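> Build me a model from this:
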Amino acid sequence: TSTRVSEIESYSALLIMVSQEMLLMLSIMATSLLLFLSVYFMIILSDLESDYINSLDCSSRLNMWTIPRLVFMMGHSLLLLIQNSWLMLLISLPFTTWLVYSKLKVKEGDSGLYDPTVIHIRDNLRGAIKESLVYMGYHMASFFIYMWMLVSLMTMDTDSPGMSREVPW
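Down below sits the predicted model:
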């Protein structure tokens, strides 16, 4: 048990070494990448809706990015857990859980989360577009919240004079 305790102590020492600012910057980078992927998904789905690409191309392009998207969503949730940002983690978990559930729900013979034989059905396409819009809105809101958190964390410096002393009027 002493080796287990020393492992836990070394892990907590590692977490202390990583600053809160660095964790927020990593969250911003992960969220911006996920936002980019959500925009990409939206563009591809809109191209399918407009018949610019066929359902096979659409499905192969989207399925290629489904696993990396899932990995980044789980990594993002892990970053929130490390930051002890419980509210943002509670907001993030339904999105991550839904993506994991959707991936686990794929049948064995299907080509992936987006199946070319099913994606072209209007209700399925509309549902995929709405899901993509929800993810895009979530990632955009998260990005700006993390930016606000980072700026407010970096301006909490008590050694520098306040704004009222800097402005002469």
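
> What residues sit buried inside stretch 115-131?
115-116, 119-120, 125, 128-129, 131 (16 or more other Cβ atoms under 10 Å). (Each C-beta comes from the backbone N, C-alpha and C, glycine too.)

> Please spell out the segments of the chain that come in under the pLDDT threshold.
1-2, 5, 7-18, 157-169 (pLDDT under 70).

> Tell me which other helices or strands the lengthiest helix in the chain touches.
Ordering each helix of the chain by length in residues (DSSP state H) puts helix 122-154 first. Packing partners of helix 122-154 (3 or more Cβ pairs under 8 Å, 6 or more residues apart in numbering; DSSP states H and E): helix 20-49, helix 86-104.

> try 6 Å
helix 20-49 (3 or more Cβ pairs under 6 Å, 6 or more residues apart in numbering; DSSP states H and E).

> following the helix it packs on, which helix or strand shows up next?
Following helix 20-49 in sequence order, the next helix or strand is helix 55-64 (DSSP states H and E).

> and that next one with helix 20-49, angle?
Relative orientation of helix 55-64 versus helix 20-49 (axes from the mean of the first three to the mean of the last three Cα atoms, to 10 degrees): 170 degrees.

> What are the contacting residues of the very next helix or strand once past helix 55-64?
The element immediately downstream of helix 55-64 (helix or strand, assigned by DSSP H and E) is helix 66-82. Where contact means Cβ atoms under 6 Å, 6 or more residues apart in numbering, the residues beyond helix 66-82 that reach it are 26-27, 30, 34, 37, 88-89, 92, 96, 99, 103, 113.

> Restricting to C-alpha, output helix 66-82 in PDB.
What follows is helix 66-82, C-alpha atoms only, in PDB (Å, rounded to 0.1, in the frame of the first residue of the first chain):
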ATOM      1  CA  THR A  66     -15.900  10.300 -35.500                       C
ATOM      2  CA  ILE A  67     -13.300   8.400 -33.400                       C
ATOM      3  CA  PRO A  68     -11.000  11.500 -33.100                       C
ATOM      4  CA  ARG A  69     -13.900  13.600 -32.200                       C
ATOM      5  CA  LEU A  70     -14.900  11.100 -29.500                       C
ATOM      6  CA  VAL A  71     -11.300  11.000 -28.200                       C
ATOM      7  CA  PHE A  72     -11.100  14.800 -28.000                       C
ATOM      8  CA  MET A  73     -14.500  15.000 -26.300                       C
ATOM      9  CA  MET A  74     -13.300  12.500 -23.700                       C
ATOM     10  CA  GLY A  75     -10.000  14.300 -23.300                       C
ATOM     11  CA  HIS A  76     -11.800  17.600 -22.900                       C
ATOM     12  CA  SER A  77     -13.900  16.100 -20.100                       C
ATOM     13  CA  LEU A  78     -10.700  14.800 -18.500                       C
ATOM     14  CA  LEU A  79      -9.200  18.200 -18.600                       C
ATOM     15  CA  LEU A  80     -12.200  19.600 -16.900                       C
ATOM     16  CA  LEU A  81     -11.900  17.000 -14.300                       C
ATOM     17  CA  ILE A  82      -8.300  17.800 -13.700                       C
END
